[in-house]
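Trainee: Got a predicted model here, sequence first, then my questions.
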Amino acid sequence: MKMLRKQFVNLSRVSTHLPRNVLASRAASRGAEMSTNVAPAETATAPPPVINEFRTGVTNPGEQSELHVAKFYTIPIEEKKQIFSGGGLPKQYEKQIKTFTEACLMVRSPALELLHYIKNADLTKPAVRYVLYGDNGVGKTLTMAHVLHYGALNDFLLVHVPWAPNWMKRPKEAANSASQEGFIDLPFDAAAWLIHFKAQNSKLLQRLQLKTSKEYVWSKRESTPAGATLIELVEHGIARIKYASETTAALISELKQLATAGQCKIMVAIDGYNAFFHPITRIFSDNKQRVSPDRITLTQPFLDITSYDWTNGVCVLSVDKIAMTEGYMSSYMPRYLLGKEGFEHLDPFVPVHVGNYTDKEFISYINYYLDRHWISKTQPGFEEQLKFLSNMNPYTLMRLVRGL
Amino acid sequence: MAANLARLLECNIRCNNAAAVQSGWRLFSNQRQQQTEVEDDEEFRVLNLRTIKQQARRREIKKNAVQPPRTSRMPVDQDWTAVWSGPRSFHPASVPLPLRQGYTERGAAAPSKYANAELMKIPNFLHLTPPAIRQQCEAIKKFCTPWPKGLETEAKWKRPFPIEVITTDYCHSLPTIRHPEARRVTITLKLSDLKFDAHAKDKFLRLVGERYNQETGVLTFSADRCPMRKQNYDYAMYLLTACYHESFVTEPWEATKSEADMEVYQFERNQAKRSAEGILNWNATGEQKDAPSANYAKSVEALINEGENEYNIAKYKEEVLKMLKIAI
């Protein structure tokens, strides 16, 4: 088997240069797969891990290093369900995961760079803001997913907004805020976020037993007393959707205090963060005028938690062209997308560029698609063709290989 | 005699019979003439007073013989400046060059220099040939003084004489020797020749407005509002002096300049500085406060003022990592 694997490695290395050897390498990889399946050492209950050149068995992002660049690791199903059930992976990628029956993420250098920063960060210092930026479809969201996986495995409380522009562009319902004059509540979206928060953190919350610091009075009859657990607070928000926005604000201010006090550590991950600084939203106020994002009650808590005035936390934010609307999409650079106000809010932040695939990553991805039998028609030179057609852009590549 | 008379009679009778038109002599009686009128009254004789000689003569127009062009008589070593001494329209017979100019049908040669309006329209510099210029320079040399020592190159004389004064003299033949355009005075100098502080420079540039060319760094003051050149020169110099000294004056209202009025982003007066100080002095108890490094300030300013590009953002990232002490 060792020999076979060695042979496969050689073959696939050759295949990158000589496309006509692709079929041979595929045959070899199948052979390797089969031989591992037959291996008697594996236990019968758990399916044996598939060993390929482009895969890695290191499923803990904290242990991944430069060695594993361009290799795929599998997120276990329970963990995927815990972290990403409320969103966090792009829809198309979610479909692909379903088709391939495994949640694989490629280890890429931006994620490794971020993980390196986070691992070596001094948590007693104010929260550092990392801003992912890059062109459309280069994998900002998946890089964030990778980091989220690390956070979930390393006892970070996740404050994760899967796609912030959803609140500004297509809210489920908008209502006038009862507590703040002239502000707009998004009760359903706030409740959905609370459910997402609960799903991601319920285990950790139960273990940490975090308590509220003060009493929250929602109405004459309803209140959350000081010393209630955060889970109670969240569940109240989910049950009483009317107060979901206020609950979110309360929860986030509590989390900030608790983290600063050192009772927990928090990872904030907001995708499409620049939507908070877009000049307008698609929500109309009572006098039929579009409101700006700062008039939405959900905005304030998430801006609060991304400022630098707390410790024991890390913020991973992404700025995205698609989060903006027509006329504000001419560049993907963070200062442009955040605008003056957003830049001043985040500064000093660490910009992390996410780019297109490198050659190694591209070949690895093609091999993965071949392995999953997603690419079945392989003409000689198809890799080169795909490389030119997609410009090694991950999303374009994913769309192109759908038809192959 | 008798014979002559008889011949004449005979001739006369023959003429009468033929009713000759041309005979106007009355030879015999009136009776005889009446007889002829009765015979042919259809003919009307026209009285012709002109002689035949006058009718036949036509005046001949006498043409002068065309002189061959002057160029054919020109010696090869002639003094050209004597032929063409001053600015003048083109004249084909004076220019010994086979010039051609103008549009023709395709394939045909361009019209020759004779009677060629195209050549006359365009200005020529036949009076400014190198020998002519040399000759004129020689002529005016006796009025010149030697060039001052130590000012041989432009770099050397630009230093003591930074201001350049541009005026125009006009020569023309009119009853007056004055020309209205001659009063214009333009003075130029490099902005770098003036000494400023940051505030004064900003204010000076605002005062001079479009008189400053940002690309070349040259200031230009031109004056034409006074009737005399001297007055205009004095006015232009006054403008320069006044602007320079005014720029060092700080008015009380200048303190109200807000961030929106700033022409460039300055780290010192922005949120970036406050945030950086807030992070650096987190939980600091002592009086001593850490200030963000100058490199960080420079990188933020470059990012905002020069615009975003890969280089600036990489520089910014590097400085942020250094400031936040994040291990790379």
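Mentor: All right, it came through fine.

Trainee: Can you name the residues that contact the one residue in the stretch 51-200 of chain B that gets nearest to chain A?
Mentor: Residue of the stretch 51-200 of chain B nearest chain A, by C-beta to the nearest C-beta: residue B:198 (23.1 Å). All C-beta spots, glycine's among them, are computed from the backbone N, C-alpha and C. Not one residue lies near residue B:198 by C-beta atoms under 8 Å, 6 or more residues apart in numbering or on different chains.

Trainee: same thing with residue A:193?
Mentor: With C-beta under 8 Å, 6+ apart, residue A:193 has these contacts: A:86, A:161, A:248, A:298.

Trainee: ok, the third one - how many residues close by?
Mentor: Applying other C-beta atoms under 10 Å in any protein chain shown, we find 25 residues neighbouring residue A:248.

Trainee: do the same with the last one
Mentor: Other residues near residue A:298 number 27, with proximity taken as other C-beta under 10 Å.

Trainee: In this structure residue A:246 contacts residue A:297, no?
Mentor: Yes - Residue A:246 is within contact range of residue A:297, at 7.3 Å (criterion: C-beta atoms under 8 Å).

Trainee: Which residues are in contact with each of these two?
Mentor: Common neighbours of residue A:246 and residue A:297 (C-beta under 8 Å, 6+ apart) are residue A:179.

Trainee: Leaving aside the residues adjacent along the chain, what's closest to residue B:309?
Mentor: residue A:333 (8.0 Å; C-beta to C-beta, 6 or more residues apart in numbering or on different chains).

Trainee: shouldn't that neighbour be in contact with residue B:313?
Mentor: Yes - Residue A:333 is within contact range of residue B:313, at 6.7 Å (criterion: C-beta under 8 Å).

Trainee: Could you tell me which residues of chain B lie near chain A?
Mentor: For chain B, the residues in contact with chain A (C-beta under 8 Å from any C-beta of the partner chain) are B:270-272, B:275-276, B:278-279, B:282-283, B:296, B:300, B:303-304, B:308-310, B:313, B:316-317, B:320-321, B:323-327.

Trainee: So which of those sit within helices?
Mentor: Residues of these located in helices (DSSP state H): B:271-272, B:275-276, B:278-279, B:296, B:300, B:303-304, B:310, B:313, B:316-317, B:320-321, B:323.

Trainee: From those residues, list just the buried residues.
Mentor: B:272, B:275-276, B:279, B:296, B:300, B:303-304, B:313, B:316-317, B:320-321, B:323 (16 or more other C-beta atoms under 10 Å in any protein chain shown).

Trainee: Can I get those in a markdown table including pLDDT?
Mentor: Formatted as a markdown table, the entries for those read as follows, by pLDDT from 0 to 100:
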| residue | pLDDT |
| --- | --- |
| B:272 | 86 |
| B:275 | 88 |
| B:276 | 87 |
| B:279 | 86 |
| B:296 | 90 |
| B:300 | 90 |
| B:303 | 90 |
| B:304 | 89 |
| B:313 | 92 |
| B:316 | 92 |
| B:317 | 92 |
| B:320 | 90 |
| B:321 | 90 |
| B:323 | 88 |
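
Trainee: which regions of the stretch 1-150 of chain B sit below the pLDDT cut-off?
Mentor: Within the stretch 1-150 of chain B, the stretches with pLDDT under 70 are B:1-41, B:51-57.

Trainee: before we move on, back to that, show the contacting residues for the residue nearest to residue B:309.
Mentor: A:133, B:308, B:309, B:313.

Trainee: who wins for most neighbours among those?
Mentor: residue A:133 (27 neighbours).

Trainee: List the contacts of that residue.
Mentor: Taking C-beta under 8 Å, 6+ apart as the test, what residue A:133 contacts is A:140, A:318, A:319, A:332, A:333, A:334, A:337, A:351, A:352, A:353, A:354.

Trainee: Now the residue of the stretch 151-300 of chain B at minimum distance from chain A: closest residue in space that isn't a chain neighbour?
Mentor: Closest approach of the stretch 151-300 of chain B to chain A (C-beta to the nearest C-beta) occurs at residue B:271, with a separation of 4.0 Å. Closest residue to residue B:271 apart from its sequence neighbours, by C-beta to C-beta, 6+ apart: residue A:344 at 4.0 Å.

Trainee: next SSE after the helix or strand harbouring the one you found?
Mentor: Secondary structure assignment for residue A:344, by DSSP states H and E: helix A:334-346. Counting by DSSP H and E, the next helix or strand C-terminal to helix A:334-346 is strand A:349-353.

Trainee: name the helices or strands packed onto that following strand?
Mentor: helix A:109-119, strand A:128-133, helix B:310-323 (3 or more C-beta pairs under 8 Å, 6 or more residues apart in numbering or on different chains; DSSP states H and E).

Trainee: Now residue B:223. Its backbone dihedrals?
Mentor: Backbone torsions of residue B:223, given as degrees, to the nearest 10, read phi -130, psi 130.

Trainee: Just list whatever residues bridge to it.
Mentor: residue B:185 (DSSP bridges).

Trainee: And for it, the neighbour number?
Mentor: 20.

Trainee: Surely it and residue B:233 touch.
Mentor: Yes - with contact defined as C-beta under 8 Å, residue B:223 reaches residue B:233; the gap is 7.4 Å.

Trainee: quick one: pLDDT of residue B:214?
Mentor: pLDDT for residue B:214: 92.

Trainee: What's the local residue count around it?
Mentor: 9.

Trainee: what's the distance between residue A:404 and chain B?
Mentor: 33 Å (C-beta to the nearest C-beta, to the nearest Å).

Trainee: if I pick that residue, what's in contact with it?
Mentor: Here residue A:404 is in contact with A:374, A:375, A:376, A:377, A:382 (C-beta under 8 Å, 6+ apart).

Trainee: The first one falls within a strand, correct?
Mentor: Spelled out, that is residue A:374. No - under DSSP: H, G, I helix; E, B strand; the rest coil, residue A:374 sits outside any strand and is assigned coil.

Trainee: ok, and the closest non-adjacent residue to it?
Mentor: Residue A:374 sits nearest to residue A:401 (C-beta to C-beta, 6+ apart), 6.2 Å away.

Trainee: For the buried ones among the contacts of residue A:404, write the corresponding ChimeraX selection.
Mentor: Buried members of the contacts of residue A:404, defined by 16+ other C-beta under 10 Å, are picked up in ChimeraX with:
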select /A:374,375,382
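
Trainee: from the contacts of residue A:404, which has minimum pLDDT?
Mentor: Out of the contacts of residue A:404, that is residue A:377, at 78.

Trainee: so what's the residue most central in space within chain B closest to, chain neighbours aside?
Mentor: Central residue check for chain B by C-alpha atoms, centre = their mean: the C-alpha nearest the mean position is that of residue B:123, 10.6 Å away. Spatially, and ignoring its direct neighbours in sequence, residue B:123 is nearest to residue B:87 (7.9 Å; C-beta to C-beta, 6+ apart).

Trainee: what ranges do the helices span in chain B?
Mentor: For chain B, the helices defined by DSSP H cover B:2-18, B:30-39, B:52-56, B:80-83, B:117-121, B:130-140, B:154-158, B:198-208, B:229-246, B:271-280, B:294-305, B:310-323.

Trainee: Output the ones you listed in a markdown table; the columns should cover distance to residue A:75.
Mentor: What follows is those, written out as a markdown table (distance: least, C-beta to C-beta, whole Å):
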| stretch | distance to residue A:75 |
| --- | --- |
| helix B:2-18 | 147 |
| helix B:30-39 | 149 |
| helix B:52-56 | 129 |
| helix B:80-83 | 95 |
| helix B:117-121 | 85 |
| helix B:130-140 | 87 |
| helix B:154-158 | 70 |
| helix B:198-208 | 56 |
| helix B:229-246 | 69 |
| helix B:271-280 | 34 |
| helix B:294-305 | 36 |
| helix B:310-323 | 29 |
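
Trainee: Give me the sheet partners of the helix or strand encompassing residue A:314 and which way each runs.
Mentor: Residue A:314 is located in strand A:313-318, with elements delineated by DSSP H and E. Here strand A:313-318 has these sheet partners by DSSP bridges: strand A:128-133 (parallel), strand A:265-270 (parallel).
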